[in-house]
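A.B. asks: what's the 3D shape of this:
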Amino acid sequence: MTISLAIATIFGGFLFPFVIRMSWGKMVEQWGAAGGWMAAAFIVGTIWCINHGISTPMITQSGSAWVDMGLAAGVGVWVASALTGGSVKKSYRNLLAAVVGGVLGGFMLSLFL
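C.D. replies: Next comes the predicted model:
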């Protein structure tokens, strides 16, 4: 993997939790439960297309390492919450679930791709 691909992969991994933190809550506040469903469709779908679905994707699956969007979202949102004063000790169970789910999802994708 080249330096430029590594930087693009890191930025692509950052992009998903950043957009979640910036938009998801506001959509739920504005439109209630329907806003959550719309956020799930629009945010996840749009960022997936940017990271994986276009001809020159942000995240490059090189074979030696892979990044799953679930892992990026879980870890990214956890770090952002910890940096803004959230309780790190109370979040260990959720962090573990995010890491295991992301690793498992990425591994399953690696079997098919």
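
A.B. asks: What mean pLDDT does the longest helix seen in the chain get?
C.D. replies: Criterion DSSP state H: the longest helix present in the chain is helix 92-112. Average pLDDT, helix 92-112: 84.

A.B. asks: which of the residues in it are buried?
C.D. replies: 95, 98, 102, 106 (16 or more other Cβ atoms under 10 Å). From N, CA and C alone the C-beta is placed, and that goes for glycine too.

A.B. asks: Dump the residues you listed to JSON lines, plus distance to residue 47.
C.D. replies: Shown next, in JSON lines, are these (distance: Cβ to Cβ, whole Å):
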{"residue": "95", "distance to residue 47": "21"}
{"residue": "98", "distance to residue 47": "16"}
{"residue": "102", "distance to residue 47": "15"}
{"residue": "106", "distance to residue 47": "16"}
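
A.B. asks: need the contact list for the closest residue in space to residue 71 that isn't next to it in sequence.
C.D. replies: Leaving aside its chain neighbours, residue 71 sits nearest to residue 102 (2.4 Å; criterion: Cβ to Cβ, 6 or more residues apart in numbering). Listed by Cβ atoms under 8 Å, 6 or more residues apart in numbering, the contact partners of residue 102 are 68, 70-75.

A.B. asks: which stretches of the protein have low pLDDT?
C.D. replies: 62-68 (pLDDT under 70).

A.B. asks: Okay, and the residue nearest to the spatial centre of it sits in which element?
C.D. replies: The centre of the chain sits closest to residue 73, judged by Cα atoms, centre = their mean, with a distance of 2.9 Å. In the assignment (DSSP states H and E), residue 73 maps to helix 69-83.

A.B. asks: do the same with residue 87
C.D. replies: Using DSSP H and E, no helix or strand contains residue 87.

A.B. asks: Could you check how far it is from residue 113?
C.D. replies: According to Cβ to Cβ, to the nearest Å, residue 87 and residue 113 sit 37 Å apart.

A.B. asks: For residue 13, grab the count of nearby residues.
C.D. replies: 21 (other Cβ atoms under 10 Å).

A.B. asks: same check, this time on the one 3 residues further on
C.D. replies: Burial measure for residue 16: 26 neighbouring residues, criterion other Cβ under 10 Å.

A.B. asks: Thanks a lot, see you next time.
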